[in-house]
Each structure stands twice: as C-alpha cells, then as structure tokens.
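Student: dropping the sequence and predicted coords here.
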Amino acid sequence: MTLTKYRTLWDELEDFPRSVKLFEDTFNRALGAGERGPWTPAVDVVESENELAFTVDLPGMKQEDIEVNVENGTLTIKGHRKFEQEVSEKGYHRIERSYGGFSRAFALPDSVNFEKVDATYKDGVLTIKAAKREAAKPRSVKVAIAG
C-alpha cells in the first residue's frame, strides 16, 4: 500500500505561482527568448462613436521598419527593431531593451469601414484610426408617445 500525503487546496494554491513561473521559463527557453521574453509592443484600443483607435508604442523604430495591413477583417501590425551594437571601451554592456521582430493582430468588428483605415507615426507612437460605417454609428430617434 502506498501512502500519499494529503494536500489541502491551500497547499496547491501556494505552489501555483512557482508552477506558472516554471512554465513561463520553459516556454521562453523553447522559443529562444531571453529573460525578458519576446518583444511585444504595448497597444491601447479605444472605441468612440465614430472610430476605433489603436495607439502602439514603438520607441526607437523608423517608420520604414513598420508595416500595417488590413485583410479579411484583421488589422496586422508588424515590425522589426534592429539592435545597433555600440563599441565600448570598458567592455561591459547591459542590454535590457528588447529587439527583433514582432507581429500583433486584431480582429476588427463588422462595424468598421475597412476602406477607411489611416495610420500616422510620430515620436515613436503609431496611431491607427479605423472609421465606423454610417449604419453602425449610434443614432437617436424621438418616439412620440400616444396618450
């Protein structure tokens, strides 16, 4: 007969963060990523009455290294931030910023007019605005009440 130590739910929950970290480390190593993992730029998505706006932080990137596409209802943002190696007399470098390629994809709702998507890039921030179709914009209708 094999004896098994009884573990409460509390015991399992205490081990959970360690298990998640172990999984993340193994997954990142499998992808060839460093300690910080693959680079994924931060994106804010804001919806207003007239449009869907995406704001993407891409510090240090050149406009020609960024690609924006809309195809089959999906907005795709791709790019590659190059590592420009500096020569150091002291021989010690600390590299904490992430480099390399990235790709982000967002499913656009049917309310977006796929023909009216504009993008601007200024000071390391990419702004994409997707206009909504006229039929999708909210409207107010006055209803008369019969008495």
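Tutor: Received it, and whenever you're ready, just let me know what you need. Numbers count the residues shown, from 1 in each chain.
Student: list the contacts for K132?
Tutor: Applying C-beta atoms under 8 Å, 6 or more residues apart in numbering, we find K132 in contact with E49, N50, E51, L52, S111, V112, N113. Heads up, the C-betas are built off the backbone N, CA and C, glycines and all.
Student: ok, 6 Å please
Tutor: N50, E51, S111 (C-beta atoms under 6 Å, 6 or more residues apart in numbering).
Student: how near is it to S48?
Tutor: 9 Å (C-beta to C-beta, to the nearest Å).
Student: L126 now?
Tutor: L126 is 18 Å from S48, by C-beta to C-beta.
Student: out of those two, which sits in the busier spot?
Tutor: L126 (21 against 10; other C-beta atoms under 10 Å).
Student: and the helix or strand containing that one, which residues are buried?
Tutor: Following DSSP states H and E, one finds L126 within strand 125-132. Across strand 125-132, burial judged by 16 or more other C-beta atoms under 10 Å covers L126, I128, K129, A130, A131, K132.
Student: do the same with stretch 96-105
Tutor: S98, F102.
Student: who touches it?
Tutor: By C-beta under 6 Å, 6+ apart, stretch 96-105 touches R36, W39, T40, T74, T76, I77, K78, G79, H80, R81, F83.
Student: quick one: strands adjacent to the longest strand anywhere in the chain?
Tutor: For the chain, the strand with the greatest residue count under DSSP state E is strand 112-122. Sheet pairing for strand 112-122, assigned by DSSP bridges, gives strand 125-132 (antiparallel).
Student: per-residue confidence averaged over the strand it pairs with?
Tutor: Averaging pLDDT along strand 125-132 yields 95.
Student: same question for stretch 67-76.
Tutor: 93.
Student: name the residues that touch stretch 61-78?
Tutor: 79-81, 103-108, 114, 117, 119, 121.
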